[in-house]
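Colleague: Would you be able to build a 3D model of this:
(chains A and B)
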Number of protein chains: 2
Amino acid sequence: MEDSNLGERKKSITLRTPIGTRDFLPEDMILREHVIGVIKKVFEEYGYDRMETPVIEFSEVLKGKYGEEEKLIYEFKDRGGRDLALRYDLTVPLSRVMAANPHLPKPFKRYHISRVWRYDNPQRGRYREFWQCDVDIVGSKNMLADAEIILLAVDVFNTLGFRRFQIRINNRKVLDAMCSYAGIEENMKVEALRSLDKIDKAGAEGFAETLKQKDFQNECIQKVLEFIQIRGTSGEKLDSASERLSSYKQGLEGIEELREIMRILAELGVNEKSLGIDLGLARGLDYYTGPIFEIVATDAKIGSLAGGGRYDKLIGCFAGVDIPATGVSFGLERIIDVMKELRMVSPLKTKTVAIVTSIDDSTIMEAFRIAQKLRRAGIPVRTEVMGERKITKQLKYADTLGIPYAVIVGQTEVSTGTVKLKSMEKREEKEIKVEELIEFLKSQLMQSNPASQ
Amino acid sequence: MEDSNLGERKKSITLRTPIGTRDFLPEDMILREHVIGVIKKVFEEYGYDRMETPVIEFSEVLKGKYGEEEKLIYEFKDRGGRDLALRYDLTVPLSRVMAANPHLPKPFKRYHISRVWRYDNPQRGRYREFWQCDVDIVGSKNMLADAEIILLAVDVFNTLGFRRFQIRINNRKVLDAMCSYAGIEENMKVEALRSLDKIDKAGAEGFAETLKQKDFQNECIQKVLEFIQIRGTSGEKLDSASERLSSYKQGLEGIEELREIMRILAELGVNEKSLGIDLGLARGLDYYTGPIFEIVATDAKIGSLAGGGRYDKLIGCFAGVDIPATGVSFGLERIIDVMKELRMVSPLKTKTVAIVTSIDDSTIMEAFRIAQKLRRAGIPVRTEVMGERKITKQLKYADTLGIPYAVIVGQTEVSTGTVKLKSMEKREEKEIKVEELIEFLKSQLMQSNPASQ
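Modeller: Residues are numbered from 1 along each chain as shown, chains lettered A, B, ... in the order given. Got it, this is the predicted structure:
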């Protein structure tokens, strides 16, 4: 079933990439690089330092951390018979690193932008190999940390050019207390929350149906439904929830945490409209212990673009003692899909500003020398390396590549210290001194940017 | 034997990374990022576009391409029983992509900076997981292409701050003709060249000994030794080689290619001292067909930092028809090792310029708001998220992290629109208006750079 794409099957295996993986041609990469660049810039402005870990981990490191999702770990045995896996996310490797390096000063703030793998059935927008961009704070229990993570996420989406997005927040402690309040037994809670995590797709009725099939009592289901559908402003929702959970200490603690995050974010000017309590938000991963959140683009038909939360027990799996931590993970492929869908990017094909060509053999070296001058001024330019192509063919080539200018070097021009500058778009051509050329192309460089906004 | 490190063995397996792989903590990453940034900048200034491919390939894609080295391919079976491998280099994936995408306009100039894997016995400076930085030109047979690749490599090392490095060039066609000239039979040539590739370590005597053991005739060995030890300027070496190989058409062609590259590079001002013919240079990989080269740092006790050459037949393995190609691969770990050895870098620990803290709880939010202002001006700053630490403890923390400035926000300061700015290095502190703070930290930002030169 996995290999059902017949078009693919006909191709020789040696031209294909393994299922769920992709090649990124230069045209794809330019947008990916832009998005990663923006995300990285915001991460660094918040004072987070970059970390990297191997793509391979011992299976044992990953096992027992992800709950139900564990079945998607990309496991294999190496040639020495070791049980290894391609990493499933960037949070568990961070936890291992924190335990292995207890000297790292806390709070530890790091970012990590890299690939992860899931042994999943690929479908539209879902791959076996994909990229995550994570920031985490290790070592602080304070809600300031959770609020900063959300503040940073808001900045990432603003800087990327998103105009309408929504942050939905909830708390695992509240969810746990809600289950108790609904009369769900301890050993059935995980099951209930897993079904709740799928309610966006299944709808309230589908959710109720699933729980029924799993032998949950109708009364429990109704109480959960009624709880997660509490209406009102975020403050009103928390007040109502607080009344219902008044006899559950953990639940009230979770509500206080949410109030604190909302208060901090309001003080820092995060728009109330883009931030809301969602009492039905569950999030799949098992390791969360406190506030959890997701960010969705309001105009796009796709799930969350980023998600995160607090996981105060995960590092303890490795370190032996619990170390509090909170963070967020941005899904690169989804962000790019939505940016394309919402036409937030212009179709730039290359970062190269000009191709430097010569009319004939006699000026090839001069063209190379001019290219070197442009490069020293920081201008990305290509040279012609075929050595024999007619100028018309060279210009057609520049056009195909989307290079906006051609610099043409000929004998006459060499003797006067000038070149011909051709705008590929306007089909205009003029003579220009090399010094002026540098200034002109520099100014063009400033204007070009893959994001249109 | 592989797991012989006892210190490692004692650690719980769940804190370790698989053999030959490493975690990169923020301190390591800052230098890696700097080096990658410089390499990427030069690649882009030459008009090369970025490409990326999956880290996993079908084993079949990699097999039969690397010759003797093939035994180091990191193979495994996925959960579906497919024969896969972690990619061995970035050249074979490029070749597959070129064959799978015949529409890509030629010459195709791309760069690729990413990880590769070798199932090798790790030792000092040698890992199972490491980074390569490649540029390649696909579709040009002209020596302009090979010369541009070398020119670019020279620019990379200059921009990284290397002052003394040497490019050694040879040609597979010359090596092949040399073997014929020495009387080595066709089916023994590969063996001879593999031994020649190790002559740097083995020495001339060791090389001769190895060939003797492999039943090469003494006369053949002496002729090879005499050929590779031809002395003189590069021009003189090529003249002597040309005389000896006068009856080998391919050999003469190879010599002409080398003359052409030397001529182009001389015209473009590449220092004769840093560029030389090395008639004994063989290079390990089987797929080279024309000019080959290596770059070494003259002052460092380590092998080559970059190497490359022409491979006109490799893409044909996938495409069915030959497509000429040439390129270079930079070894990130070796470059970094040498930069450390030669003290070419200053020990910057973080990119973060300042930590913004508050004297007590009452000014935490104001500290956060000032941090946001600084970030909007592009200044990377950290906030304090513990919520309760004493100011002395916060400052000690900033010191440990290597953050050069602390911005301290207190009640008195808030009322006057100022903050305290403390230089962690000079242990000096002064009051400063927020606007001046922004300008001051911006100016500090300009000066900081992990490379000292």
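Colleague: Domain-wise, how is chain A divided?
Modeller: A:26-341, A:354-447 (automatic domain parsing).
Colleague: so A:Ser180 touches A:Tyr248, yeah?
Modeller: Yes: counting by C-beta atoms under 8 Å, A:Tyr248 is a contact partner of A:Ser180 at 5.7 Å. All C-beta spots, glycine's among them, are computed from the backbone N, C-alpha and C.
Colleague: Just want to know which of those two has more residues nearby.
Modeller: The neighbour count for A:Ser180 versus A:Tyr248, taken as other C-beta atoms under 10 Å in any protein chain shown, is higher for A:Tyr248 (19 against 16).
Colleague: contacting residues for the more buried one?
Modeller: A:Ala177, A:Ser180, A:Tyr181 (C-beta atoms under 8 Å, 6 or more residues apart in numbering or on different chains).
Colleague: Looking at those residues, which is nearest chain B?
Modeller: Checking the contacts of A:Tyr248 against chain B by C-beta to the nearest C-beta gives A:Ala177 as the nearest, at 24.3 Å.
Colleague: so what strands line up beside the helix or strand where A:Ile292 lies?
Modeller: Per DSSP states H and E: A:Ile292 is located in strand A:291-297. Paired neighbours of strand A:291-297 in the sheet (DSSP bridges): strand A:165-171 (antiparallel), strand A:306-310 (antiparallel).
Colleague: Can you list the buried residues in the helix or strand harbouring A:Phe207?
Modeller: Following DSSP H and E, one finds A:Phe207 within helix A:199-213. By neighbour count with 16 or more other C-beta atoms under 10 Å in any protein chain shown, helix A:199-213 contains the buried residues A:Ile199, A:Phe207, A:Ala208, A:Thr210, A:Leu211.
Colleague: Same question for stretch A:263-283.
Modeller: By 16+ other C-beta under 10 Å, the buried positions in stretch A:263-283 come out as A:264-265, A:268, A:270, A:274-275, A:277-283.
Colleague: got the residues you listed as TSV, with secondary structure and pLDDT columns?
Modeller: Shown next, in TSV, are the buried residues of stretch A:263-283 (DSSP: H, G, I helix; E, B strand; the rest coil; pLDDT from 0 to 100):
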residue	secondary structure	pLDDT
A:Ile264	helix	96
A:Leu265	helix	96
A:Leu268	coil	95
A:Val270	coil	93
A:Ser274	helix	89
A:Leu275	strand	94
A:Ile277	strand	97
A:Asp278	coil	96
A:Leu279	coil	97
A:Gly280	coil	96
A:Leu281	coil	96
A:Ala282	coil	93
A:Arg283	coil	90
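Colleague: which of those residues come close to chain B?
Modeller: The subset of these within reach of chain B, by C-beta under 8 Å from any C-beta of the partner chain, is A:Ile264, A:Leu268.
Colleague: Could you single out the nearest of the buried residues of stretch A:263-283 to B:Ile379?
Modeller: A:Leu268 (17.4 Å; C-beta to C-beta).
Colleague: for the closest residue to A:Glu52 other than its chain neighbours, what are its contacts?
Modeller: Closest residue in space to A:Glu52, ignoring its immediate chain neighbours: B:Phe24 at 4.2 Å, by C-beta to C-beta, 6 or more residues apart in numbering or on different chains. By C-beta under 8 Å, 6+ apart, the contact list for B:Phe24 reads A:Met51, A:Glu52, A:Thr53, B:Arg32.
Colleague: B:Phe24 and B:Glu33, how far apart?
Modeller: 10 Å (C-beta to C-beta, to the nearest Å).
Colleague: What of A:Glu186?
Modeller: The value you get for A:Glu186 to B:Glu33, if C-beta to C-beta is used, is 47 Å.
Colleague: who has more neighbours, these two?
Modeller: B:Glu33 (19 against 9).
Colleague: Pull the distance from the helix or strand hosting that one to the chain's centre.
Modeller: Following DSSP H and E, one finds B:Glu33 within helix B:26-45. Offset of helix B:26-45 from its chain centre (C-alpha atoms, centre = their mean, to the nearest Å): 10 Å.
Colleague: what's it packed up against?
Modeller: With contacts taken as 3 or more C-beta pairs under 8 Å, 6 or more residues apart in numbering or on different chains; DSSP states H and E, helix B:26-45 sits against strand A:49-50, strand B:108-117, strand B:129-138, helix B:143-160, helix B:332-341.
Colleague: Please report how far the residue in the stretch 101-250 of chain A positioned nearest to chain B lies from A:Gly254.
Modeller: Distance from chain B to each residue of the stretch 101-250 of chain A (C-beta to the nearest C-beta) is smallest for A:Asn142, at 3.8 Å. Look at A:Asn142 and A:Gly254: by C-beta to C-beta, they are 15 Å apart.
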